[in-house]
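> generate a structure from the sequence data that follows.
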Amino acid sequence: DFGSGPEFSDLGLESLGNGLGRSLGLWVLHLDFHVGIKFTDVGLRQLAANIPQGVEHLFLDFHFCEQFSDAGLSELAAAVPQGLRRFYLDFHSCTNFTDAS
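Next up is the predicted model:
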């Protein structure tokens, strides 16, 4: 849960993504970003590129993510592991997406 700490930027998400990319055997991943989100599509792309392919349960909460666009959401969708059994995605109060994504 990254919701009550300091603002989380693209650099922080890149570091998190790099750590996840080395997480062998990780089958449940739950990340909750609901306050202080300051990362953009750049950070979302980095996170998406590093979601371990063996993950079976993926929960991503992004509340008030006003800096994401259709491009970032599309990249996240393309990176979702094929073997998921459960997928939860929450973009509560995110206003920059359109039907294009």
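
> could you pull out the helices in this protein for me?
Ranges of helices in the chain, per DSSP state H, are 10-21, 41-49, 70-79.

> just how off-centre is the shortest one within its chain?
So the one you mean is helix 41-49. 7 Å (CA atoms, centre = their mean, to the nearest Å).

> how about it as PDB, C-alpha atoms only?
What follows is helix 41-49, C-alpha atoms only, in PDB (Å, rounded to 0.1, in the frame of the first residue of the first chain):
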ATOM      1  CA  ASP A  41       2.600   6.900 -18.300                       C
ATOM      2  CA  VAL A  42       6.400   6.600 -18.200                       C
ATOM      3  CA  GLY A  43       6.200   5.000 -14.700                       C
ATOM      4  CA  LEU A  44       3.200   2.900 -15.600                       C
ATOM      5  CA  ARG A  45       5.100   1.600 -18.700                       C
ATOM      6  CA  GLN A  46       8.100   0.700 -16.500                       C
ATOM      7  CA  LEU A  47       5.800  -1.200 -14.000                       C
ATOM      8  CA  ALA A  48       4.000  -3.000 -16.800                       C
ATOM      9  CA  ALA A  49       7.200  -4.100 -18.400                       C
END
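
> show me what it is packed up against.
helix 10-21, helix 70-79 (3 or more CB pairs under 8 Å, 6 or more residues apart in numbering; DSSP states H and E). Quick note: C-beta positions are derived from backbone N, CA and C, even for glycine.

> which ones are touching the closest residue to Val42 other than its chain neighbours?
Leaving aside its sequence neighbours, Val42 sits nearest to Asp10 (CB to CB, 6 or more residues apart in numbering; 4.8 Å). Residues near Asp10 by CB atoms under 8 Å, 6 or more residues apart in numbering: Lys38, Phe39, Thr40, Val42, Gly43, Gln46.
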